[in-house]
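>>> okay, predicted coordinates and the sequence, questions at the end:
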Amino acid sequence: MNELFSQPLKVINAGLASFADNLKQAGGDVINLSWQPPALGNVKAGLDLAWLMRHPLVEQANQQAFQQYLSAQPVLTDVMLAREAIAEMAQRKLILHSGPPIAWPDMCGPVKGAIIGAILFEGWATSHQAAEKLITDGKIDLEPCHHYQAVGPMAGIISPSMPLWVIENKNNGRRSFCNFNEGLGKVLRFGANNDEVLNRLHWMADELAPALKKAVQVLGELELKPLMAQALHMGDEVHNRNAAATGLLIKRLIPALLDSGLPLDQLQRVMAFLVSNDHFFLNLSMAACKSMMDAAANVPFSSMVTVMARNGVNFGIRLSGTGDQWFQAPANPIDGLFFPGYSVDDATADLGDSAITETAGVGGFAMASSPAIVKFVGGTPADATNNSRRMQAITLGGNPAFTLPALNFAPTAAGIDARKVVDRGILPIINTGIAHKMAGVGQIGAGITTAPMPGFVEAIMALAEKVREHDQKNGRKAS
């Protein structure tokens, strides 16, 4: 013991960083270990987590869910109006929004503004006041896009007369949907609803959608995973950067449009719209990722995350093994870069269904392939690479369809395991746009955020209850 204290001491501090600071001030050699109890210190959740960590039922279910995700083959097959693609939208006045369920009074400004815009677009009301009265009187149904195999960026609004991309998983025949990208500026997805926005929506439904429908018919079908994989090798991460993917899409669409027999003036307007919007592929990327994650859904007892979505107030997740149940927590703030004149005080909380890309292993999980994105969201290329590596610690495996050149063509981390998130305290990373909290102002920046931990803790407890019920029913000792 005396010899020990006569030697230079190296201390590992686990807990409060101030303890390490005190030791450093005294001349000690200290490594501060960032550590906290798993499950936010919730003892019951911690015990549930320990029991689930290597439970054979969960392990087998995760293997099945992950393989179903890997096997998904999302293909662009059609363009349809929402009321044609989603049967319920032809039967009632239904508007879909991004994120988990939320009541009208609790919605953020951009989502409220976008819903009012959709009502005006549908012709259900002729003024903002009349539109809001329809909502408060219960004449309009508001539900999440995810409840109808659909996704939408930012406010995520889908109403019956809006055109949708139709994606089919050729491995199981199931379809997923996403609306069209409107471009930049004053757009519905940020809550804008003036005449400029509404006129553009009408043009998209009346002229753009029929043209793209003909183009898809000429193409036959377009496989999306190979296109996304190629874009990852060209500097995209297919969430906040889609320049390469949009270019690859246009390369396929323009010859098909030229063969469609449409009038030249219509073709010129359609092509001008496509080439002016580097984000046009984003909505297809989201629909493809939704298709892949739906393939992994509803595998009993799996802890694999199949949905991450935000409504500007709350962040919601779903697990494969808990079906349609949502686990929600307040959305985390976004750490990013703001456009001149704006700050965090102007921003709404994390918003949109586009986190389905991270759920599927691209977007923030693939930032190593897109060093240019850090100039937009903040950080350094090294940060982007480290983020992609860090996500390997909370996933079930890698997706060989999507590889990262900067990591020696390693597959992207994929298949978020809620158990690992809670056990290791590493949250799924998301890169995202920042919306102003007032409807219609638009995008005011971009940055990095994470999924909040409380939703994962709640999900682990719910999954443990299902596994426990199964074990007790089948005579296996349950913890």
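Arrived safely.

>>> tell me the contacts of Leu267?
Remark: with contacts taken as C-beta atoms under 8 Å, 6 or more residues apart in numbering, Leu267 is in contact with 211, 257-258, 260. To be clear about C-beta, it is placed using only N, CA and C from the backbone, and glycine gets the same treatment.

>>> let's see 10 Å
The contact partners of Leu267, by C-beta atoms under 10 Å, 6 or more residues apart in numbering, come to 211, 215, 254, 257-258, 260-261.

>>> and the furthest pair within those?
Largest separation among these by C-beta to C-beta: Ile254 and Gly261, giving 14.5 Å.

>>> drop anything exposed from the contacts of Leu267.
211, 215, 254, 257, 260 (16 or more other C-beta atoms under 10 Å).

>>> ok, of these, which one's closest to Ala296?
Minimum distance to Ala296 across the buried ones among the contacts of Leu267 is 30.4 Å, recorded for Ala215 (C-beta to C-beta).

>>> so the closest one, which state does it fall into?
Under DSSP: H, G, I helix; E, B strand; the rest coil, Ala215 falls in the helix class.

>>> spatially nearest residue to it (excluding sequence neighbours)?
Closest residue to Ala215 apart from its sequence neighbours, by C-beta to C-beta, 6 or more residues apart in numbering: Ala256 at 4.0 Å.

>>> okay, the one you found and Leu274: tell me how far apart.
From Ala256 across to Leu274, the span is 12 Å (C-beta to C-beta, to the nearest Å).

>>> overlap in contacts of the two?
Overlap of the contact sets of Ala256 and Leu274 (by C-beta under 10 Å, 6+ apart) consists of 211-212.

>>> quick check: buried residues in the helix or strand containing Ala459?
According to DSSP states H and E, Ala459 maps onto helix 453-473. By 16+ other C-beta under 10 Å, the buried positions in helix 453-473 come out as 453-464, 466-468, 471.

>>> any chance of the contacts of Leu267 in TSV, plus pLDDT?
Output for the contacts of Leu267, formatted as TSV (pLDDT from 0 to 100):
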residue	pLDDT
Ala211	98
Ala215	98
Ile254	96
Leu257	97
Leu258	96
Ser260	95
Gly261	94
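
>>> give the buried residues for stretch 66-73.
Neighbour counts over stretch 66-73 (16+ other C-beta under 10 Å) mark 66, 68-70, 72-73 as buried.

>>> the stretch 251-400 of the chain: helices as residue ranges?
Using DSSP state H, counting those that start in this stretch, the helices of the stretch 251-400 of the chain run over 264-275, 282-295, 356-359, 374-377, 381-390.

>>> what's the least confident stretch among those?
With a mean of 78, helix 374-377 has the lowest mean pLDDT of these.

>>> follow-up on the earlier one: tally of neighbours for the residue nearest to Ala215?
18 (other C-beta atoms under 10 Å).

>>> Asn277 now?
Per other C-beta under 10 Å, the neighbour tally for Asn277 reads 18.

>>> next: Lys24.
For Lys24, using other C-beta under 10 Å, the count is 14.

>>> next, give phi and psi for it.
Note on Lys24: backbone dihedrals following degrees, to the nearest 10 are phi -60, psi -40.

>>> which ones are touching it?
11, 13, 30, 32.

>>> what helix or strand is the first one on?
Element membership of Val11 [criterion: DSSP H and E] is strand 10-14.

>>> any idea of the mean pLDDT for that strand?
Strand 10-14 comes out at a mean pLDDT of 82.

>>> who's in contact with that strand?
By C-beta under 10 Å, 6+ apart, strand 10-14 touches 19-24, 28-36.

>>> check those residues and tell me the two furthest apart.
Asp29 and Gln36 (23.5 Å).

>>> ok, Ser161 touching Ile119?
No: when contacts are counted by C-beta atoms under 10 Å, Ser161 is not listed as touching Ile119 (11.2 Å).

>>> quick one, which of these two is more surrounded?
Ile119 (26 against 18).

>>> got the contact list for the more buried one?
Ile119 neighbours (C-beta under 10 Å, 6+ apart): 93, 95, 125-128, 130-132, 134-135, 139-140, 157, 159, 193.

>>> ok, Asn387 touching Ala366?
Yes: between Asn387 and Ala366 there is a contact at 9.3 Å, judged by C-beta under 10 Å.

>>> what touches both of those two?
Common neighbours of Asn387 and Ala366, counting by C-beta under 10 Å, 6+ apart, are 413, 431.

>>> who has more neighbours out of these two?
Ala366 (35 against 20).

>>> I figured that one hits Arg389, correct?
No: using C-beta under 10 Å as the test, Ala366 is too far from Arg389 to be in contact (11.5 Å).

>>> between those two, what contacts are shared?
404, 407, 413.

>>> which one of those residues is nearest to Ala103?
Ala103 has its nearest neighbour among the shared contacts of Ala366 and Arg389 in Ala413, at 35.2 Å by C-beta to C-beta.

>>> helix, strand, or coil at that closest one?
strand.

>>> distance of it relative to Lys420?
Ala413 is 11 Å from Lys420, by C-beta to C-beta.

>>> so between these two, which is more surrounded?
Ala413 (27 against 19).

>>> tell me the pLDDT of that one.
98.

>>> wait, Ala229 touches Phe402, no?
Yes: with contact defined as C-beta under 10 Å, Ala229 counts as touching Phe402 (5.5 Å).

>>> what sits against Ala256?
211-212, 214-220, 222.

>>> buried set for the longest strand seen in the chain?
Longest strand of the chain, by residue count under DSSP state E: strand 395-404. Across strand 395-404, burial judged by 16+ other C-beta under 10 Å covers 395-399, 401-404.
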